[in-house]
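Visitor: Sharing a model prediction with you, sequence too.
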Amino acid sequence: MKNGLKIKDVVMIALLTALYLVFYMVSMAGVTALGAFGHAVSPGLCALIAGSILFFMTRKVGKFGQFTILTAISLLLFTMMGAGYLPWIITSMVSAVIADLIASRESRPPVWKVALASGIMHIGQAWGSIVPSWFFVESYRENWIARGQTPEAMDEMIRYTQGAMGVLATAVVFVLAIAGVYLGYVILKKHLKEGQARPARA
């Protein structure tokens, strides 16, 4: 990657973020039937169906900061809706920066790098509930009960994010995120002319 982000790149990221959030909402609706475990792995389901968006972004933007900006916009909107939570913001932003380090330092990173970046980024989102369950469960529980969650709902959520269940949820999210990018690659490779020589970006 030779050039930094330009205004047109930020606009493109913002548009793709809006589409990404539509998929996020669809995934949240889809995991309702799975209860607390579904909520714990919901970032993975989002990544599965939105992998094509992230892959497309690496081809149309392909610059450092793309994953970080997408995540920051998403977090800002969720925070404005009252769903912001500091540990979730921290784990999500740190993982987004790592995703940029993996797959945003070249204009057309290989598919495996994009898949790995998506896996890390969505683990960061999932860890917003997993890390509190591991390290400060009481304050986590009290915080969300004060926001309107029932004690029963929080106990169920903690059950599926503590200990081995948290590890399992992390693994599920990672696998789904990787699968989503490869699915996106299959869908978009003809449109994006993947595998064909292309002139260098200006």
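Guide: That came through fine. Numbers count the residues shown, from 1 in each chain.
Visitor: Lowest-scoring secondary structure element of this protein by mean pLDDT?
Guide: helix 35-40 (a mean of 90; mean pLDDT, DSSP states H and E).
Visitor: Can you give me the buried ones in it?
Guide: By neighbour count with 16 or more other CB atoms under 10 Å, helix 35-40 contains the buried residues 36-40. Every residue, glycine included, has its C-beta placed from N, CA and C.
Visitor: what sits against L34?
Guide: Taking CB atoms under 8 Å, 6 or more residues apart in numbering, we find L34 in contact with V41.
Visitor: Closest to M154 out of the buried residues of helix 35-40?
Guide: Nearest to M154 among these: A36, at 9.2 Å, using CB to CB.
Visitor: Roughly how far does the residue sitting nearest the centre point of the chain sit from Y20?
Guide: Nearest residue to the geometric centre of the chain (CA atoms, centre = their mean): H122, 3.5 Å. Plainly put, H122 is 11 Å away from Y20 if you go by CB to CB, to the nearest Å.
Visitor: cool, and T68?
Guide: T68 sits 14 Å away from Y20, going by CB to CB.
Visitor: who's in contact with P43?
Guide: 122-123, 125-126, 173, 177.
Visitor: quick one: which of those sit in helices?
Guide: Those of the contacts of P43 mapping onto helices are 122-123, 125-126, 173, 177, per DSSP state H.
Visitor: which of these lies closest to L76?
Guide: Using CB to CB, the ones in helices among the contacts of P43 come closest to L76 at Q125, 14.3 Å.
Visitor: Give the closest residue to that closest one in space, chain neighbours not counted.
Guide: Take Q125 and drop its neighbours on the chain: the residue closest to it by CB to CB, 6 or more residues apart in numbering is P43, 3.9 Å away.
Visitor: State the number of residues packed around L168.
Guide: The local packing of L168 (other CB atoms under 10 Å) involves 15 other residues.
Visitor: show me where this structure has strands.
Guide: When assigned using DSSP state E, the chain turns out to have no strands.
Visitor: Let me have the ones in helices among the contacts of P43 in TSV, extended by distance to A164 and pLDDT.
Guide: Formatted as TSV, the ones in helices among the contacts of P43 follow (distance: CB to CB, whole Å; pLDDT from 0 to 100):
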residue	distance to A164	pLDDT
H122	20	98
I123	16	98
Q125	20	97
A126	15	97
V173	15	98
A177	20	98
